[in-house]
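A.B. asks: Okay, predicted coordinates and the sequence, questions at the end:
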Amino acid sequence: MPKNLWNDADAARLPDFDSLVYRSRLLGSDRTVVNIYGGNTSAKVTVKDHVGRHVRVLWVKGSGSDIADITERGFAGLKLDEVDPLFGREAMPDEEMVAYLERCAIEPGRPRQSIETLLHAFVPFPHVDHTHPDAIISIACTPLGEDTPRKIYGDRMAWVPYIQPGFTLSKWIGQKVIDNPNIECVVMGKHGLVTWGPDSKSSYNTAIRIIQEAEDYIADKQRGKSVFGALKVEPLTPEKRREVLAEVLPLIRAAVSAERPTILMVDETDAARDYAGREKTPTVSQEGAACPDHLVHVKRQPLFIDWNPASGAETLKTAIAAGVADYRERYKTEYFEKNKRDFDQIGDASPRVILIPGLGMITTGKDAQGADVSNQLYHRAISVIGAAEALESFVSLTSAEAFGIEYWPLELYKLRQRPPDRDLTGQVAFITGAASGIGRATAIRLAQEGAHVVIADINEAGAKAAAEEIIKRSGFRRATYIKCDVTSETAVQDAFKHAVLSYGGVDIVVSNAGIASSASIEDTTLADWNRSMAILGTGYFLVSREAFRLWKAQGMGGRLVFVGSKNSLASGKNASAYSAAKAAEIHLARCLAEEGGAIHVRVNSVLPDAVLQGSGIWDGNWREERAATYGIKPEELDEFYRKRNTLKVSILPEDIAESILFFSTNKSAKTTGGILTVDGGVPLAYVR
């Protein structure tokens, strides 16, 4: 039920432009009113241009913005005296319209205007709102077409049948409002709602009232009905559900990553699990998309996996492989080939939404934000389909209509204007010891290149802080964290399971968890020796073994990077336990490189030296112990190490992160079993 959120005190004395921002944000705050990234709002005002002339301007939401958090800079400004004459035209191709409107801009640096800009220009009111409310789309997606909304609004409404957005639709709507001056709204078949008013408050109030009338009508018709039929498959318990998901998500991720690496999002909400398990869902979910907004982010159909938990996880794995393959084939032959034009090139044929009875819903995207958008919009689709079924039945966009939106040249142009994907877009990096030092710097650097990062560290508070920093820097769900003792087999397995449930799989593993101690051989205790071997030897083994198990199941290859040490190669006194364990690491890496080749897993090592800044190791006794070994004061150690190397440089965590990044990307695609020293040049540690 939409709430009227207008607050006169907040809105008081706002000029037209600021009231447009305020109104837009109110509408966008309710996703049942405006889809994420959907809808557009406008205001017609008079402003002074750069030379002081008074100019009538249409401020309209720019393409790609989300009105839930839009700012003043999110609106395009167009000179109305140049736009108004277009209403006299009979037709206008999309490309010509876009080029014309670009020349009407009031100032440079504004976002590209929406394809629905002329809708706002042609409706003869100062303030116009175009929204995609669930309730309105539901009443516009029934077999009765115009008759359903007409029962609610009578002569207060104008109706336009579905047509692809652009000049013709905008002119239809503008003409309807001009010809029927007493109407309050225009309902667009399989599309949405247009409302207006003399000021922001009136326009907002009208939109909320019209939507509420539709919701009330649907609620009355829906009362007592189970619109998706009986519950056919009971949801699994949370524990069992996650056990099954941990097994199947890597398979799903591999299957849907044919064109590009993909991030998965698992939705275990009551609504998703209930919908997936209902008897009518296998049928109604395949009818098609309700409106263009849904289609762009969830494709025409979800993939429904016909599975009953009683048949077991292995049956589900088989069903997933067959289901994705069948979906991709049908997309190509029954959808693309039947609708394509000479200039069309097929895009990603994999599903964006996967429904599995007993488990819920899985959505995909090139990043976590994309997967979340698909999730949000399919929830809107569930609401629309359910309401339409309650009224009579759901009628979707046709295959041809859907194709026209998905392969719309203007939509594809918008996608092409985005910055190119970064090297690690869609990939997942699992990093041990990432709460501080080299691990933290590496997590930040890989996230900057597009990776989603799992921070695994025994220091849970530090891991949480690192994840929060990465999210702040790199965006929505870019990092997650888990407490992990790498010497514990169970903890390592749980950490990888956490990664799978968070993102669907893992592509890059950086073994970095470390410890150091310094003592002569006679003063090295068995506990010191065992501790070094446990963390630096057993820990690297356990992480590698779990990574290889996952990569074999996932079938997408992988990259494993060991953070060794100058001590892996160079002998030195009073560090036998540490150095022996570090030497074991790089030989383990070389062995794993041989095992990994057959499954496209590359294994390489980075050997730093004396990385003192931000390191948890150097914050302990290691600094004092190493200083004592060299007969200097602890505070002199940084300068001692700098002068010791050939280049006379200090080695920073960020230097090591760059080397790890190199081994994590395709820039090192033909290197495995390699060793890269990052130590400023220590002759004893030269690889030979």
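C.D. replies: Cool, the structure landed.
A.B. asks: Let me see the ranges of the helices in the stretch 351-500 of the chain.
C.D. replies: Secondary structure of the stretch 351-500 of the chain by DSSP state H, counting those that start in this stretch: the helices cover 368-391, 399-406, 409-416, 437-448, 460-474, 489-503.
A.B. asks: Quick one: mean pLDDT over the third one.
C.D. replies: Mean pLDDT, computed over helix 409-416, is 72.
A.B. asks: for the fifth one, same thing?
C.D. replies: Helix 460-474 carries an average pLDDT of 97.
A.B. asks: For that helix, enumerate the helices and strands it packs against.
C.D. replies: In terms of contacts (3 or more Cβ pairs under 8 Å, 6 or more residues apart in numbering; DSSP states H and E), helix 460-474 is packed against helix 437-448, strand 452-457, strand 479-483. Where C-beta positions appear, they are placed from N, C-alpha and C, glycine not excepted.
A.B. asks: partner strands of the second one, parallel or antiparallel?
C.D. replies: Sheet neighbours of strand 452-457, with direction, are listed as strand 428-432 (parallel), strand 479-483 (parallel) (DSSP bridges).
A.B. asks: what's the angle from it to helix 460-474?
C.D. replies: Here strand 452-457 runs at an angle of 160 degrees relative to helix 460-474 (axes from the mean of the first three to the mean of the last three Cα atoms, to 10 degrees).
A.B. asks: outside of strand 452-457, which residues touch it?
C.D. replies: 263, 367-368, 427-436, 439, 443, 446-447, 463-464, 466-467, 470, 477-484, 486, 495, 498-499, 502-503, 506, 513 (Cβ atoms under 8 Å, 6 or more residues apart in numbering).
A.B. asks: mind checking which of the strands paired with strand 452-457 is nearest residue 661?
C.D. replies: Among the strands paired with strand 452-457, the nearest to residue 661 by Cβ to Cβ is strand 428-432 (9.8 Å).
A.B. asks: Let me see the mean pLDDT of the closest one.
C.D. replies: On average, strand 428-432 scores 98.
A.B. asks: Restricting to C-alpha, output that strand in PDB.
C.D. replies: Extracted in PDB, the C-alpha atoms of strand 428-432 (Å, rounded to 0.1, in the frame of the first residue of the first chain):
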ATOM      1  CA  VAL A 428      35.600 -13.500  -6.600                       C
ATOM      2  CA  ALA A 429      38.800 -13.300  -4.600                       C
ATOM      3  CA  PHE A 430      39.300 -15.200  -1.400                       C
ATOM      4  CA  ILE A 431      42.200 -13.800   0.700                       C
ATOM      5  CA  THR A 432      43.500 -15.100   4.000                       C
END
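A.B. asks: so how far is that strand from its chain's centroid?
C.D. replies: 18 Å (Cα atoms, centre = their mean, to the nearest Å).
A.B. asks: any idea of the angle it forms with helix 489-503?
C.D. replies: 150 degrees.
A.B. asks: ok, residues contacting strand 428-432?
C.D. replies: 263, 439, 442-443, 446, 451-457, 484, 486, 495-496, 499, 503-513, 539, 543, 547, 664.
A.B. asks: Okay, buried residues for it please.
C.D. replies: Buried residues in strand 428-432, counting neighbours by 16 or more other Cβ atoms under 10 Å, are found at 428-432.
A.B. asks: What about the nearest residue to residue 95 once chain neighbours are set aside, how many residues nearby?
C.D. replies: Distances taken as Cβ to Cβ, 6 or more residues apart in numbering place residue 409 nearest to residue 95, at 7.3 Å, with adjacent residues excluded. Counted with other Cβ atoms under 10 Å, residues neighbouring residue 409 total 13.
A.B. asks: Am I right that residue 409 is in contact with residue 98?
C.D. replies: No: with contact defined as Cβ atoms under 8 Å, residue 409 does not reach residue 98; the gap is 9.9 Å.
A.B. asks: and residue 452, bridged to which residues?
C.D. replies: Residues in beta-bridge contact with residue 452 (DSSP bridges): residue 428.
A.B. asks: what do you get for the one 4 residues further on?
C.D. replies: The partner list for residue 456 in beta bridges (DSSP bridges) reads residue 432, residue 482.
A.B. asks: Please tell me the pLDDT value assigned to it.
C.D. replies: 98.
A.B. asks: again with residue 623
C.D. replies: According to the prediction, residue 623 has pLDDT 67.
A.B. asks: start the count at 10, not 1, going forward
C.D. replies: Yep, numbering from 10; the last one is residue 632 now.
A.B. asks: since we're on residue 604, how many residues are nearby?
C.D. replies: Residue 604 has 12 nearby residues by other Cβ under 10 Å.
A.B. asks: for residue 150, same thing?
C.D. replies: Neighbour tally, residue 150, other Cβ under 10 Å: 29.
A.B. asks: So what does it look like in phi/psi?
C.D. replies: Dihedral angles of residue 150 (phi, psi; degrees, to the nearest 10) stand at phi -120, psi 40.
A.B. asks: do residue 75 as well
C.D. replies: Torsion angles, degrees, to the nearest 10, at residue 75: phi -110, psi 120.
A.B. asks: Please name the residues that touch the residue nearest to it when sequence neighbours are not counted.
C.D. replies: Spatial nearest neighbour of residue 75, excluding adjacent residues (Cβ to Cβ, 6+ apart): residue 46 at 5.0 Å. Residue 46 is in contact with 73-75, 302, 382, counting by Cβ under 8 Å, 6+ apart.
A.B. asks: Pull out the buried members of those residues.
C.D. replies: 74-75, 302, 382.
A.B. asks: any idea of the pLDDT on the residue of the chain most remote from its centre?
C.D. replies: Going by Cα atoms, centre = their mean, the residue of the chain most distant from its centre is residue 531, 54.8 Å out. For residue 531, the model assigns a pLDDT of 92.
A.B. asks: ok, which stretches of the stretch 210-359 of the chain are strands?
C.D. replies: Secondary structure of the stretch 210-359 of the chain (DSSP state E, counting those that start in this stretch): strands at 272-276, 312-313.
A.B. asks: Regarding stretch 363-371, how distant is the last residue from the first?
C.D. replies: Terminal residues of stretch 363-371 are spaced 5 Å apart (Cα to Cα, to the nearest Å).
A.B. asks: chain center to it, what's the gap?
C.D. replies: With Cα atoms, centre = their mean, you get 19 Å for stretch 363-371.
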